[in-house]
Structure formats: C-alpha cells, structure tokens
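Novice: Take a look and give me a structure for this.
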Amino acid sequence: MRVGVEGATVARTLLVIEDDIQIRRAVKNALAGSADRIVEAASGREGLALAASWRPDLVVLDLGLPDIPGITVCREIRTWGKMPLVVLTARHAEDEKVALLDAGADDYVTKPFSTREFAARVRAQLRRALSSPIPADAVVSVGDVTIDLASRRVERAGESLHLTPIEFEILRVLASQAGRTLTHRQIFDAVWGNTAGNAHQYLRVHITNLRRKIEQDPATPRFIVTEPGVGYRFDR
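Specialist: Coordinates of the predicted model:
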C-alpha cells in the first residue's frame with residue numbers, strides 16, 4: 001500500500017471474490033480510486049488461488065459463493081493472511097454476521113449497499129492496515145476527543161472527562177482498533193476476560209453512559225457506531 005497524492009491510502013492490489021458480475025462491476029467502480037489493480041474471482045476456490053498468488057492488500061468477499069461458503073474462504077485466508085477482509089452479504093441474520101467476524105472478517109456490508117458507504121468502509125480498513133499498531137502509551141485524537149492510553153485520561157474540547165475503569169477499557173479496545181467492527185463477545189472478552197455473562201446487556205448500559213460523556217449528540221453518535229445485533233465500531 002501507499003499514500004496517494006491527496007493523502008488517501010491506495011492499495012497496490014485489491015481482490016474481489018464475488019460470483020455476480022453486476023456486483024463485481026459495481027465494486028470495481030466504487031473502488032477504482034483506491035487501488036492500482038483490482039483482481040476478480042467468481043468462485044471461492046478461484047479466490048483462494050488468487051489470494052495466495054497476488055497477496056492483495058485487501059479482500060472483498062461475497063458470503064454466498066457458488067462452490068464453497070464465503071466463511072470457509074475467510075477462515076482459510078486467515079490461516080496465513082492478515083490483510084483486511086470486507087464481506088458482502090445478502091443475509092440479515094445477526095448470528096451469521098457475528099460468525100463471519102469471529103472467523104476473521106474485519107467488516108461487513110449488507111446487500112443492497114450504498115457504493116459510497118461501501119467505498120468509505122474499505123478506505124477505513126486500508127487506512128487501518130497502513131497505519132502502525134497503536135502502542136499502549138499512544139495518544140489518540142478523533143475530532144475534539146483526545147484519549148491518552150498511558151495516563152488513562154480522556155478529554156473533550158480540552159475538558160477532562162471522568163470515565164469509570166470499565167468505560168475507559170471499552171473505549172480503549174474500540175479506539176485501538178478503529179474502523180473495525182467488533183462483536184459484543186469480542187469486546188466483552190477483551191474487557192472482562194472470560195467472565196460469564198450476557199455480553200450484549202453488559203455493553204449496552206456502559207456504551208450508553210460512555211456516549212453521554214464523549215459524544216456531542218449521544219442520540220446520533222459520531223465515534224461509537226452501533227452495528228445492530230452484532231457489536232460496535234469506533235470511527236475516526
């Protein structure tokens with residue numbers, strides 16, 4: 001990957017694994033400015049072969065492929081590749097979306113989709129992949145919010161915010177993987193460890209309180225975005 005002349009992250013190679021030619025064309029058009037080369041595959045096995053040979057910077061993967069399930073392709077790529085995986089799915093079942101994220105996908109877009117939103121989600125994944133991992137002592141700034149991971153201090157518009165230890169841990173987990181959709185269970189395990197409990201219920205209360213503190217308008221959050229029934233994403 002490289003940074004383009006206007007500061008945008010540009011992939012050397014993107015791989016699109018999608019059997020519907022019309023959707024492949026729409027994806028290619030949407031991502032034309034985000035890559036030097038876009039490679040196409042119409043089946044899971046072809047996609048796996050191209051992924052291994054091209055080693056793309058990012059993979060767009062259809063969940064419903066004609067030969068093997070997209071989630072199988074996702075798991076296979078994840079055995080050797082760390083590039084972002086953005087899944088296209090026509091399925092609306094929440095448990096399937098959770099399963100694909102647990103299988104290693106970084107984000108998903110439900111069909112039919114807005115090409116502008118889809119392109120923005122892909123660009124966010126490319127930026128995250130290009131940037132270095134956020135160190136434990138980093139200072140993360142998004143909008144008017146500053147998060148000092150080392151001192152565990154959070155400010156909004158220069159004013160210090162009081163976060164509970166749990167609220168800070170949730171914010172730390174989300175902010176350190178900005179742009180990636182995390183399931184309720186992934187966040188819950190990262191914050192509470194292996195504690196038993198209802199991850200969705202635990203998080204709902206804390207996320208509500210956290211939004212009241214860091215969002216200008218908690219009813220329409222800018223930073224902590226809900227993926228209904230699945231989890232949350234921190235947008236930068």
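Novice: Show me what the lengthiest strand in the chain is in contact with.
Specialist: Criterion DSSP state E: the longest strand present in the chain is strand 9-17. Under the contact criterion CB atoms under 8 Å, 6 or more residues apart in numbering, strand 9-17 has outside partners 1-4, 24, 27-28, 31, 33-41, 43-44, 46-47, 50-51, 54-62, 65, 70, 73, 122-123, 126-127, 130. Heads up, the C-betas are built off the backbone N, CA and C, glycines and all.
Novice: Separate out the buried members of the residues you listed.
Specialist: 1, 24, 27-28, 31, 34-35, 38-41, 43-44, 47, 50-51, 54, 56-62, 65, 70, 73, 122-123, 126-127 (16 or more other CB atoms under 10 Å).
Novice: Out of these, list just those in strands.
Specialist: Reading strands off those with DSSP E, I get 35, 38, 39, 40, 41, 58, 59, 60, 61, 62.
Novice: tell me the least confident of these?
Specialist: Within these, residue 35 has the lowest pLDDT, namely 90.
Novice: pretty sure it contacts residue 57?
Specialist: Yes - in this structure residue 35 lies within contact range of residue 57 using CB atoms under 8 Å: 7.5 Å.
Novice: May I see the ones in strands among the buried ones among the contacts of strand 9-17 organised as a markdown table, with distance to residue 213 added?
Specialist: Output for these, formatted as a markdown table (distance: CB to CB, whole Å):
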| residue | distance to residue 213 |
| --- | --- |
| 35 | 38 |
| 38 | 42 |
| 39 | 44 |
| 40 | 45 |
| 41 | 45 |
| 58 | 34 |
| 59 | 36 |
| 60 | 36 |
| 61 | 36 |
| 62 | 39 |
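Novice: Quickly name whichever of the residues you listed is closest to residue 141.
Specialist: residue 58 (25.3 Å; CB to CB).
Novice: Any idea how far stretch 148-159 is from the middle of the chain?
Specialist: 24 Å (CA atoms, centre = their mean, to the nearest Å).
Novice: export that stretch as PDB, just CAs?
Specialist: Presented in PDB, the C-alpha positions along stretch 148-159 are these (Å, rounded to 0.1, in the frame of the first residue of the first chain):
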ATOM      1  CA  ASP A 148      -4.300   9.200  26.400                       C
ATOM      2  CA  LEU A 149      -3.900   5.500  26.800                       C
ATOM      3  CA  ALA A 150      -1.000   5.600  29.100                       C
ATOM      4  CA  SER A 151      -2.400   8.000  31.700                       C
ATOM      5  CA  ARG A 152      -6.000   6.800  31.100                       C
ATOM      6  CA  ARG A 153      -7.200  10.400  30.600                       C
ATOM      7  CA  VAL A 154      -9.900  11.400  28.200                       C
ATOM      8  CA  GLU A 155     -10.700  15.000  27.200                       C
ATOM      9  CA  ARG A 156     -13.400  16.500  25.000                       C
ATOM     10  CA  ALA A 157     -12.800  20.000  23.700                       C
ATOM     11  CA  GLY A 158     -10.000  20.400  26.200                       C
ATOM     12  CA  GLU A 159     -12.100  19.500  29.200                       C
END
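Novice: Name the nearest residue to the residue most central in space within the chain, ignoring sequence neighbours.
Specialist: Centroid-nearest residue in the chain: residue 180, 2.3 Å away (criterion: CA atoms, centre = their mean). Distances taken as CB to CB, 6 or more residues apart in numbering place residue 106 nearest to residue 180, at 5.1 Å, with adjacent residues excluded.
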